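[1] any chance you could fold what I've pasted below:
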Amino acid sequence: MTRGFKGARLAVLLLAALAAVNCQSPTSPSDTVSYDDAIDMTPTPDPIAADTLTNGRTYRIVRGNNQPDDILAYDWHTVFSTSVQLNGNASNKDLHIDFPVRITATTLVVKQAVGGIITPPTGGDSEKFEFVTLSASGNTMAAINTPITLGFEAWYDLPSLKREAVIQVTVSFVDNDGTTFAKTADFKVAP
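    This is a model prediction of the structure:
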């Protein structure tokens, strides 16, 4: 009888342990907030428009093997702006963002696309582009929902020879404690 009682008791303890494990839910991915979630970036216009007014801007293709380099004109040109701001998620204690937050850098990459989907070129071709940051309404955000507007001008040429593209804009930040983070946003260029 003792053996049966010990077996039953062991079974009850095992079931209790399993129940305790099942009662503890792991942290859900939707419960975590990332720096990416705390930053809003929206382009103007949306979608971005491009034109052929490249003003003679060119790029070089190095040929090598004693062949002369090719100097080609960019096919497309665009001017657009983006509003950047920290939203309500920036107050999440897990992020530890200490205001003021300063923008430290901006970069831009032009990607070939179809229907807003990035379609990397094949066969050794690559996208050619250059850009300048035309303007910034400031570089410091003192609080949540204080937007900064950044203006850009870009010239590009795609292996597809088409106007449609996705422009990836990355903005880098540093907060008052020295924590660095960045946000990359994809902006569509209309066909």
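
[2] what about residue 121, which SS state?
    For residue 121, the assignment made with DSSP: H, G, I helix; E, B strand; the rest coil gives coil.

[3] for it, give its distance to residue 50.
    Noted for residue 121: a distance of 18 Å to residue 50, by C-beta to C-beta, to the nearest Å. (C-beta placed from N, C-alpha, C; glycine too.)

[4] wait, what's in contact with residue 150?
    81, 82, 84, 103, 106, 133, 135, 136, 137, 169, 171 (C-beta atoms under 8 Å, 6 or more residues apart in numbering).

[5] swap that for residue 35, sorry
    Residues in contact with residue 35 (C-beta under 8 Å, 6+ apart) are 95, 181, 182, 183.

[6] buried set for stretch 77-88?
    Buried residues in stretch 77-88, counting neighbours by 16 or more other C-beta atoms under 10 Å, are found at 77, 78, 80, 81, 82, 84, 85, 86.

[7] show me which strand runs longest in this protein.
    strand 101-114 (DSSP state E).

[8] what element comes up after that strand heading to the C-terminus?
    Next along the chain after strand 101-114, taking DSSP states H and E as the criterion, comes strand 117-118.

[9] so what strands line up beside that following strand?
    Here strand 117-118 has these sheet partners by DSSP bridges: strand 101-114 (antiparallel).

[10] show residues contacting the partner strand.
    84, 86, 90, 118-121, 127, 129, 131, 133, 136, 139-141, 148, 150, 152, 154, 156, 158-160, 162, 164-176, 180, 188-189.

[11] one step back: from the contacts of residue 150, pick the one nearest residue 60.
    residue 133 (22.5 Å; C-beta to C-beta).

[12] if we can go back for a sec, the longest strand of the chain - what's its average pLDDT?
    Strand 101-114 carries an average pLDDT of 97.

[13] could I get the full set of helices for the protein?
    2-23 (DSSP state H).

[14] what is the least confident helix or strand in it?
    Ranking every helix and strand in the chain by mean pLDDT, DSSP states H and E puts helix 2-23 at the bottom, with a mean of 53.

[15] quick one, what contacts residue 41?
    Residue 41 neighbours (C-beta under 8 Å, 6+ apart): 82, 83, 84, 169, 171, 183, 185.
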